[in-house]
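Q: predicted model and sequence follow; I will ask about them next.
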Amino acid sequence: MGMLLNSYIVVSIIVGVHVFEQVHADGGCNIYRGRWVYNPLYRPAYNATSDCPFIEAEFNCLNNGRPDQQYLHYKWQPYSCILPRFNGRNLLRRLRGKKMMFVGDSLSLNQWQSLTCMLYKAIPGAKYSLTRQGPLSTFTFPAYNVSLMYNRNAFLVDIVFEKKARVLKLNSMNGGVSWKGVDVLIFNSWHWRLHTGRKQPWDFIQDTNKTYKDMNRMVAYEKALKTWARWVNSNLDLTKTMVFFQGVSPDHMNSNEWGDPSQKTCKQETRPVNGFKYPGGAHPVGVWL
């Protein structure tokens with residue numbers, strides 16, 4: 001559900017739609033302050049089984065045997081305004097002739113996949129193309145000349161093979177060449193930086209001209225984000241390209257953080273956390289965002 005909420009919020013901001021039907025007299029509406037409301041009559045923006053023929057198998061919860069269906073009937077309700085239903089046709093008209101790219105890890109993949117399904121549901125049977133080349137996936141609606149892309153790049157900075165070793169270069173952004181010429185860029189990065197052992201996709205970390213076997217992951221994250229920010233400011237025309245960096249989602253590995261000590265992780269949870277603040281507190285890397 002958070003995936004759908006984030007996709008909706010990002011897209012609403014991007015296209016400049018006035019998404020608020022009611023706003024308090026004090027002006028403005030913080031769409032992040034609200035709660036999940038259950039309504040059995042509410043339907044999701046698409047049914048993964050019947051409305052999205054190209055959805056990746058791991059994202060089709062019902063086909064994969066999820067027994068409960070209550071999660072399909074929750075709606076995010078801000079405290080000070082009402083969000084209208086997602087309008088896919090309107091978004092496609094506003095994006096006509098443009099390119100949008102999600103760059104990052106599985107969070108970006110989830111949102112890219114969700115958005116493509118939401119738009120296809122809005123124009124069922126429309127012609128589309130889906131191509132994959134290396135880390136880049138491109139979904140296109142030819143009738144609107146709209147391209148929605150996902151670039152798998154969990155670290156944003158480069159990982160380079162040198163002397164039979166994989167080196168994470170905190171000051172190198174050669175992979176950013178594929179981001180040029182895109183109208184809307186949406187970035188995220190963090191969780192892969194925690195991996196160790198066999199799941200760690202690098203052998204060494206290089207910072208300027210020094211190479212380390214490992215280093216404080218928070219420090220490495222800060223250095224990489226500064227490299228990314230410098231690249232954005234130096235290589236993109238921000239009057240033509242809209243750039244967003246998404247926040248970091250909680251790790252969901254300690255059930256005490258959301259007040260359910262009976263569970264070890266979020267694996268068996270079926271309902272969203274109440275309130276707009278995560279009970280476990282803000283993620284520590286938020287200081288750099």
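A: Received, thanks.

Q: do you know how far the most centrally placed residue in the chain is from residue 152?
A: Computing the C-alpha centroid of the chain and ranking residues by Cα atoms, centre = their mean puts residue 108 first, at 3.3 Å. Residue 108 sits at a distance of 8 Å from residue 152 (criterion: Cβ to Cβ, to the nearest Å). No exception for glycine: its C-beta is placed from N, CA and C like everyone else's.

Q: low pLDDT regions in the protein?
A: Low-confidence segments of the chain, defined by pLDDT under 70, are located at 1-27, 286-289.

Q: quick one, strands of the chain?
A: For the chain, the strands defined by DSSP state E cover 34-38, 74-78, 99-104, 129-133, 136-141, 146-152, 158-162, 165-169, 184-187, 204-207, 210-212, 242-245.

Q: which of the ones you listed sits most buried?
A: strand 99-104 (a mean of 24; mean count of other Cβ atoms under 10 Å).

Q: which neighbours in the sheet does that one have, and how are they oriented?
A: Next to strand 99-104 in the sheet, as set by DSSP bridges, lie strand 146-152 (parallel), strand 184-187 (parallel).

Q: am I right that residue 255 is in contact with residue 263?
A: Yes - the pair residue 255 and residue 263 passes the contact test of Cβ atoms under 8 Å, sitting 4.1 Å apart.

Q: which one of these two is surrounded by more residues?
A: Neighbours around residue 255 and residue 263, counted as other Cβ atoms under 10 Å, are more numerous at residue 255. The numbers are 18 against 13.

Q: contacts only, for that one.
A: When contacts are counted by Cβ atoms under 8 Å, 6 or more residues apart in numbering, residue 255 touches 261, 262, 263, 264, 265, 266, 269.

Q: how about residues contacting the lengthiest helix in the chain?
A: Determined from DSSP state H, the single longest helix within the chain is helix 217-235. Counting contacts by Cβ under 8 Å, 6+ apart, the residues outside helix 217-235 that touch it are 155-157, 168, 170-173, 176, 180, 187, 189-190, 193-194, 205, 207, 238, 243, 284-285, 288-289.

Q: buried members of these into ChimeraX, please.
A: Command for ChimeraX that selects the buried part of the contacts of helix 217-235, burial taken from 16 or more other Cβ atoms under 10 Å:
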select :155,156,157,168,170,172,173,176,187,189,190,193,205,207,285
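
Q: and the helices in the stretch 1-150 of the chain?
A: Taking DSSP state H, counting those that start in this stretch to define them, one finds helices in the stretch 1-150 of the chain at 2-15, 88-94, 106-122.

Q: how many degrees apart are the last one and strand 99-104 in direction?
A: Looking back up the chat, that one is helix 106-122. If you take axes from the mean of the first three to the mean of the last three Cα atoms, to 10 degrees, helix 106-122 sits at 150 degrees to strand 99-104.

Q: what packs against helix 106-122?
A: helix 2-15, helix 88-94, strand 99-104, strand 136-141, strand 146-152, strand 184-187 (3 or more Cβ pairs under 8 Å, 6 or more residues apart in numbering; DSSP states H and E).

Q: ok so, going back, who touches both of residue 108 and residue 152?
A: Residues touching both residue 108 and residue 152 (Cβ under 8 Å, 6+ apart): none.

Q: next up, the contacts around the closest residue in space to residue 77 that isn't next to it in sequence.
A: Leaving out its chain neighbours, the residue that sits closest to residue 77 by Cβ to Cβ, 6 or more residues apart in numbering is residue 37, at 4.6 Å. Applying Cβ under 8 Å, 6+ apart to residue 37 gives the contacts 74, 75, 76, 77.
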